[in-house]
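1. next input, structure requested:
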Amino acid sequence: FLKIEHYKKNIREKEIIIDNYNDKILNLSNIVNQLSLKKELLLKDEKYNLSEDKVNLELVNIKEEILKETKNKDILSKEIELAKEEELTKEKDLNTLYEKSENLENKISSITKEINEILRSIDYSNSRLNYLENFIDNKNSYNKALSSILNNPRLNGIDKTIEEVISCDEKYEIIKEISIGPIRNNLIVKDEYSAKQAVEYLKNNKIGRLTFYPLTSIKKREIYDINHLKSNSSFLGVLSDILEYDLKYSNIISSLFGTTLVAKTIDDAFLISNAVNKKYKVIALDGSVVNPYGSLTGGFSKISDNLLSSKREILELKEKIKIDSKLKEELELDNQKNINERDLISKEIFDLSSKLNFLKQNIANKEELKAEKIKLIENLEFNTKVIDKFENNKVLDEISNNYYEKEKEKNLLSLEKEKEVKEIKKLREDLEVLESTKRSIELEVNKVNLYIKNLELSINTKNIKIDNNLKILGEDYSITYENARNKYILEIEESLAEEKILNIKEEIKSLGFVNLLAIEEYKKVNERYTFLESQETELLNAKDTLNQMINEIDNYVETEFKKTFYEVNTHFKEIFKKFFRGGEAELILTDPDNLLETGIEINATPPGKKLSSISLLSGGEKTLTAISLIFAILEIKDTPFCIFDEVEAALDEENVLKFGEYIKEYSDKTDFLIVTHKKETMEYAKSLYGITMEEEGISKVVSIKLVKGE
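-> Reported below is the predicted structural model:
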């Protein structure tokens, strides 16, 4: 800014110099014109003789003026040359700034596009992330009991679900999902009291059932006889060692997965299962499971795969959003720097352009001044030649006298002109004051006229109102104003009387019109009310009757259910012991006090095992338990026929034979339709139906009747 002020100061000084030069040039031009005029007069009249000394003196002065103006012209030429060099430099600087500004604009545009692309990517990732999280939440929302426990702030000691505390390497994801499948929503709690409190809450509110793992009471389960497997490359380890979790959950994780072994393939799983005498569960990387005692579980689970891929994608999306957000912040910071630099360059361009324009104008002015000086010098040189021809001093005296007289006349005229200008200015000021006064008076007159007009309008309105009141007084009360005033002497003020009249009119108006049909309408409404009241009484009586019937039915259902339940439970215990050659089994009511809404749980303890829920039994044990329950029901009530679809698929040969014996025993009362691949089951059938496909797309039924002895 100091540089700019200094530059402006130089410009002002040069402008003053130029103005002085212009004044001098004008004066000299006047002198030249006067001399030229006198020269012509001298040529016509030779009686005047010039004074040689004065002419020579004037000639010397003119020559000095020529030298001075020539010197000034040279200085001006040099200044013009320097200004042009400065102009060229500033134009180069300006072009450089324009180029730099354009590059920054391109860079800003490119970075802005990149930021917009990143924003679109972040928006898409967030949308996808929300969708996947909602997808997983919806998959887990079916468990009403879990949701109720987690959302109850009064329950203390609630930790996390099994699924939430476990993580693992990506290659073990399938194993993890398969293993925690049925227990993923089971809850870890602080201690036994917290578990009891949660169970009591579920029971009292009849919400459902849930399994809890108290941190203080769950013990580890470990395998000590697998050292011989560690040298086997197909053996990957124990599942509890492969999973990742906080050490405070180690007892729970060990109790759940400490006896599950992990193998590479299903073939490896069979080999390892045989190596440990089929005592432990072995799971392969593809999710196939070799259960204790040799049964195999496997196949494809779309839901599990979807959950796996969704969780992996959620982690990837969160990482991508984090990276994109950081990149966006860096780009925005870089872009802001470029914008600041661009704005600074734009300001420099504006300042430099202003300087350049002023410089060009200054050069043009100096060029014009230089041309005028050259012309002045030429005129002065011409005048020196003319003056050399004159030697008569009288002419010069006369010229000088005439010049001074003309100057004097000019000054007098200027004074007169200035005086007249001042008088005109004063007259104009007086005229403006008069016009302003006139406008003020006109405005006041308009206000008075408007006030008079409003008063006249108000008087007319009041007169009309008085006439109307007098008319009403005569028509409604047959009395004139004078008679009324003489007859009724008011002891209250007129304003209070008017207010009282208005109040009475409002009360009359609020009464409305008299409805002559109101009595008839009342009778109809009353009849309708009486009818509806009788209907309500009938409905209430019917409701009481229905409630009584429902209570009787509920009592009957409870009695029959209780009787049937205990009979089925008795037969179930007996049949279970026959199938398992011992053990204990029992049906338990989840809510004995509410038989209409209670659930039923099965507790089964095969020989040699601890009492546990049926969900912890092996596949074969679950099958035998379910078959025991079906036959227990058949003991209570016969059914015409019963359909079994490969129910004995998970049973070994011995248990299949037991199943066949029961089929045979009950076949006198019930017809059994069994879908099976077990030849032991087929031996107990009276008829076999086989489905074959001899031709592509055409199924054929082959039936065989089995006769005793065949």
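
2. how about stretch 269-289: buried residues?
-> 269-273, 276, 278, 280-285, 287-289 (16 or more other Cβ atoms under 10 Å). To be clear about C-beta, it is placed using only N, CA and C from the backbone, and glycine gets the same treatment.

3. next: stretch 113-123.
-> Quick answer for stretch 113-123 (16+ other Cβ under 10 Å): 115, 118, 122.

4. from these, which ones fall inside strands?
-> The strands, defined by DSSP state E, take in nothing from these.

5. okay, those residues in a markdown table with distance to M693 next?
-> Below are the buried residues of stretch 113-123 laid out as a markdown table (distance: Cβ to Cβ, whole Å):
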| residue | distance to M693 |
| --- | --- |
| I115 | 64 |
| I118 | 59 |
| I122 | 56 |
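
6. so which of those residues comes closest to K326?
-> Nearest to K326 among the buried residues of stretch 113-123: I118, at 10.0 Å, using Cβ to Cβ.

7. wait, that closest one touches D324, no?
-> Yes: between I118 and D324 there is a contact at 5.1 Å, judged by Cβ atoms under 8 Å.

8. L215 contacts Y193, doesn't it?
-> No: using Cβ under 8 Å, L215 makes no contact with Y193, being 11.7 Å away.

9. so between the two, which is more surrounded?
-> More neighbours surround L215 than the other of L215 and Y193, with 18 against 13 (other Cβ atoms under 10 Å).

10. domain assignment for this structure?
-> Taking automatic domain parsing as the reference, the chain has its domains at 143-316, 440-512, 558-705.

11. pick out the shakiest of those, pLDDT-wise.
-> Among the domains of the chain, domain 440-512 has the lowest mean pLDDT, at a mean of 71.

12. on that earlier part again, so which of the domains of the chain is the most surrounded?
-> Compared across the domains of the chain, domain 143-316 shows the largest average neighbour count, a mean of 16 (mean count of other Cβ atoms under 10 Å).

13. how far off centre is that domain?
-> Here the centre of domain 143-316 is set off from its chain's centre by 38 Å, with Cα atoms, centre = their mean, to the nearest Å.

14. now do the buried residues in stretch 331-350.
-> Here stretch 331-350 shows 331, 335, 338-339, 342, 345, 349 as buried, counting by 16+ other Cβ under 10 Å.

15. contact partners of it?
-> For stretch 331-350, the external contacting residues (Cβ atoms under 8 Å, 6 or more residues apart in numbering) are 94, 97-98, 100-101, 104-105, 107-108, 111-112, 114-115, 118.

16. between the residues you listed, which has the most around it?
-> Going by other Cβ under 10 Å, L104 tops the contacts of stretch 331-350 with 20 neighbours.

17. contact partners for the residue nearest to L150 when sequence neighbours are not counted?
-> Distances taken as Cβ to Cβ, 6 or more residues apart in numbering place I158 nearest to L150, at 6.8 Å, with adjacent residues excluded. With contact taken as Cβ under 8 Å, 6+ apart, I158 is in contact with 149-150, 187, 189-190, 194, 198.

18. gap between I158 and L595?
-> 31 Å (Cβ to Cβ, to the nearest Å).

19. then C642?
-> 26 Å.

20. repeat that for E319.
-> Taken as Cβ to Cβ, the span from E319 to L595 is 54 Å.

21. same check on T211?
-> 24 Å.

22. same check on G157?
-> 32 Å.

23. got it, and T537?
-> For T537, the distance to L595 - Cβ to Cβ - is 34 Å.

24. show me how far stretch 676-686 is from its chain's centre.
-> The answer for stretch 676-686 is 65 Å, by Cα atoms, centre = their mean.

25. and for stretch 358-369?
-> On Cα atoms, centre = their mean, the centre of stretch 358-369 falls 61 Å from that of its chain.

26. what are the boundaries of the strands in the stretch 251-400 of the chain?
-> Using DSSP state E, counting those that start in this stretch, the strands of the stretch 251-400 of the chain run over residues 260-263, 281-284, 289-290, 296-297.
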